[in-house]
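S.K.: Need the 3D shape of this:
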Amino acid sequence: MTVQERPYVVFGYGSLIFKPPPHVVSQVSGYLKGYVRRFAQKSHDHRGTPENPGRVTTLIHKEDWDAFSGADAFPEEDIVWGVAYTIDPLYQSEVRDYLDYREKDGYTLEELDVYDLKGGKECICYVGQPDNPSFIGSEPIDALAEKIWHSVGPSGRNKDYLYELSAAVRKLAPESHDSHLYALEVRALSV
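M.R.: Here you go, the predicted structure:
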């Protein structure tokens with residue numbers, strides 16, 4: 001890596017938190033401003049099937065989510081916590097191919113500013129844009145919990161994804177909190 005090249009840093013806000021990419025040389029918990037994390041993306045390939053797609057998280061610009069979500073207003077005090085992974089430069093291409101395949105069901109790359117207690121840094125992040133065919137938007141939380149509880153795909157039970165993500169977010173930092181994620185977890189546990 002030359003002095004001019006930026007390190008390859010990937011921000012994980014969903015399964016990448018509890019199932020990190022390979023060849024990580026460092027990681028730091030961080031958060032995004034101006035986004036929400038929601039189970040608004042169908043999963044045909046990991047936590048569901050084409051006939052019965054599960055639900056996985058995506059990032060959505062707060063302004064866009066406000067337009068989609070009649071009853072699911074984003075609490076102003078919540079921010080999206082996740083992990084910024086710096087990838088070994090020798091394996092950057094391999095990791096990029098791995099992540100492109102892993103995040104193939106409707107996700108596109110964006111460059112985002114991720115913040116921690118020391119300031120911000122630019123990372124790449126896989127985001128399911130609202131115009132992709134797997135984006136489902138806002139669903140009533142009880143129906144969403146029911147869907148997650150019953151869905152299973154090649155990567156396992158959808159409810160395990162929810163539970164692992166909730167547990168991982170709680171461990172990121174003392175400040176990390178996600179009221180929607182935790183409310184969904186409570187609902188799914190009561191199904």
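
S.K.: going forward, measure contacts between C-alpha atoms and count neighbours the same way
M.R.: Fine.

S.K.: and the closest residue in space to Tyr91 that isn't next to it in sequence, how many neighbours does it have?
M.R.: Of all residues not flanking Tyr91 in the chain, His23 sits nearest, at 6.7 Å (Cα to Cα, 6 or more residues apart in numbering). With neighbours defined by other Cα atoms under 10 Å, the count for His23 comes to 16.

S.K.: can you check the one 4 residues further on too?
M.R.: One way to gauge burial is a neighbour count; for Gln27, by other Cα under 10 Å, it gives 15.

S.K.: so who does it touch?
M.R.: Val83, Ala84, Tyr85, Thr86 (Cα atoms under 8 Å, 6 or more residues apart in numbering).

S.K.: what helices or strands is the helix or strand bottoming out on mean pLDDT in the chain leaning on?
M.R.: Every helix and strand in the chain was compared by mean pLDDT, DSSP states H and E; the lowest is helix 62-68, with a mean of 80. Packed against helix 62-68 by the contact rule (3 or more Cα pairs under 8 Å, 6 or more residues apart in numbering; DSSP states H and E) you find strand 35-43.

S.K.: Helix, strand, or coil at the closest residue to Phe39 other than its chain neighbours?
M.R.: With sequence-adjacent residues excluded and distances taken as Cα to Cα, 6+ apart, Phe39 is closest to Thr57, at 4.2 Å. Using DSSP: H, G, I helix; E, B strand; the rest coil, the three-state assignment for Thr57 comes out as strand.

S.K.: again with Glu139
M.R.: Following three-state DSSP, Glu139 is assigned to coil.

S.K.: Quick check: the nearest residue to it once chain neighbours are set aside vs Val25, distance?
M.R.: Closest residue to Glu139 apart from its sequence neighbours, by Cα to Cα, 6+ apart: Ala40 at 7.8 Å. In this structure, Ala40 lies at 31 Å from Val25, with Cα to Cα, to the nearest Å as the measure.

S.K.: and the two? which has more neighbours close in?
M.R.: Looking at Ala40 and Val25 with other Cα under 10 Å, you find the greater number of neighbours at Ala40, namely 22 against 10.

S.K.: list the contacts for that one?
M.R.: Arg55, Val56, Thr57, Thr58, Phe135, Ile136, Gly137, Ser138, Glu139.

S.K.: Right, I'll leave it there.
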